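Novice: Sequence first, predicted model second:
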Amino acid sequence: MTDLVIQTILLSFILLGIHSYFGLEIVRRGIVFADIAVAQFSAAGLALSLLLSGEPSYLISVVFALLAGFLVALSKRVGEYSEAFIGLLYAFGFSAIVLLLSRSPHGMEDYLRLTASDILFVSRREIVETGILYASLGFLLYLRRHIKGDFFRELLFFTLFALTVASSVKLVGVLVVFSILVAPALVSVMLGKGLIFAWVYGAAVNTAGILLSFRLDLPTGFSLVFFHALLGVALTVYVATFRRRKGY
C-alpha cells in the first residue's frame, strides 16, 4: 500500500512539473480556456478511438490535441475575440465527447474515466515514460526562445502544450489536468510568486489530496480536483477581500 501511495504522489509531482510552467503562461495570458479546450479535443480523440476500436488511441488523441493547439495559436490573430473563439473550441470538444460516447454501451464509464481517472492504477512503466517525455518537452520549451517570429514561437508553444495535455489526459483525465495546470499557477500569480512557489504549493496540495483520498477511501482523481479547486477558490476570495479592505 505504501508503495502505491508513493508511486501516485510521484506521478502527481511529474505532472505538476511541466503543467505549472504551462499554467503560469496560460493564466498570465488570460486564456485559461485554452487549457481545457485542448484537453477536451484530446479526450474527444480518445472517445473516437474507444468508439471505433474499443481501445484508447494515444495517436488519435495527439492528432486532435495538435489540431486544437494549432487553432488556439491561430486565434491570437483575431485579437480581443480570441477567448470567445477558444470557448467555442471547448464547447465543441465537450459536445463531441458526449455525442461519441452516447453511441457506446460503456459510454458513462468511459466518460468518467476521460473526466478524472483514478491515477492509482498508472503503471511504473507509464510513470517513467511520462517523466522522460515531459523532460524532453521541457528541453524543447527551453529551445523555443531561440526561434525567430512570434507566430512560429507561439505555434511551437501550443504544439508542445498539446503534446503534454494529450499525454496527461490519457493518464489522469481532463479535470485533473485542468486543476493541476490552473490552480497552482493562479495561486502563485495572485500572491505575486513564480514557478518555484507553484511547484511547492501544487506538490503540497497533491500530497494532501492523495493521502486524504486513501484515508477516506475516495476516488483519487476527483479528490485532487476537489482540493485544488476548493483551495484556489478560498484563496481568491481571501485575496479579493483583503485587497478591497486595503482600497486596491
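Specialist: Looks like it arrived, so ask away.
Novice: SS state for residue 105?
Specialist: Of the three states, residue 105 takes coil under DSSP: H, G, I helix; E, B strand; the rest coil.
Novice: Poorly predicted segments of the protein, please.
Specialist: Counting by pLDDT under 70, the chain shows low-confidence ranges at 1, 78-79, 118, 243-248.
Novice: where along it do the helices fall?
Specialist: Using DSSP state H, the helices assigned to the chain run over residues 2-29, 32-53, 58-75, 82-101, 107-115, 124-143, 150-172, 174-190, 195-216, 220-245.
Novice: Not counting residues beside it along the chain, what's closest to the residue most central in space within the chain?
Specialist: In the chain, the C-alpha closest to the average C-alpha coordinate belongs to residue 177, at a distance of 2.7 Å (C-alpha atoms, centre = their mean). With C-beta to C-beta, 6 or more residues apart in numbering as the measure, residue 168 is the residue that lies nearest to residue 177, at 4.5 Å, once sequence neighbours are left out. For glycine as for every other residue, the C-beta is placed from the backbone atoms N, C-alpha and C.
Novice: what's the neighbour count on the one you found?
Specialist: Neighbourhood size, residue 168 [other C-beta atoms under 10 Å]: 25.
Novice: for it, what are its contacts?
Specialist: Residues touching residue 168, when contacts are defined by C-beta atoms under 8 Å, 6 or more residues apart in numbering, comprise 15, 19, 39, 176-177.
Novice: who are the neighbours in contact with the nearest residue to residue 189 once chain neighbours are set aside?
Specialist: Excluding the flanking residues, the one nearest residue 189 by C-beta to C-beta, 6+ apart is residue 27, at 5.4 Å. Residues counted as contacts of residue 27 (C-beta under 8 Å, 6+ apart) are 182, 185-186, 189.
Novice: can I get the residues you listed in JSON lines with neighbour count and distance to residue 103?
Specialist: Output for the contacts of residue 27, formatted as JSON lines (neighbours: other C-beta atoms under 10 Å; distance: C-beta to C-beta, whole Å):
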{"residue": "182", "neighbour count": "23", "distance to residue 103": "31"}
{"residue": "185", "neighbour count": "28", "distance to residue 103": "36"}
{"residue": "186", "neighbour count": "21", "distance to residue 103": "36"}
{"residue": "189", "neighbour count": "16", "distance to residue 103": "41"}
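Novice: Would you point out the most distant pair within those?
Specialist: By the measure C-beta to C-beta, the contacts of residue 27 have their two most distant members at 182 and 189, which lie 10.4 Å apart.
Novice: Of the contacts of residue 168, which pair is most distant in space?
Specialist: Maximum pairwise distance in the contacts of residue 168, criterion C-beta to C-beta, is 12.6 Å, between 15 and 39.
Novice: Identify the contacts common to those two.
Specialist: Once C-beta under 8 Å, 6+ apart is applied, the residues that residue 15 and residue 39 both contact turn out to be 168, 177.
Novice: For the closest residue to residue 89 other than its chain neighbours, grab the count of nearby residues.
Specialist: Using C-beta to C-beta, 6+ apart and skipping the chain neighbours, the partner closest in space to residue 89 is residue 37 (4.1 Å). For residue 37, the tally of surrounding residues (other C-beta under 10 Å) stands at 28.
Novice: How about residue 173?
Specialist: Residue 173 - counted by other C-beta under 10 Å - has 26 other residues nearby.
Novice: mind checking the backbone torsions on it?
Specialist: For residue 173, the backbone dihedrals (degrees, to the nearest 10) come out as phi 100, psi 160.
Novice: wait, what's in contact with it?
Specialist: Contact criterion C-beta under 8 Å, 6+ apart gives 43, 113-117, 221 as the residues in contact with residue 173.
Novice: out of these, which is most surrounded?
Specialist: Highest neighbour count within these, by other C-beta under 10 Å: residue 43, with 33 neighbours.
Novice: Give me the spatial nearest neighbour of that one, chain neighbours excluded.
Specialist: Ranked by C-beta to C-beta, 6+ apart and with sequence neighbours excluded, the top spatial neighbour of residue 43 is residue 114, at 4.5 Å.
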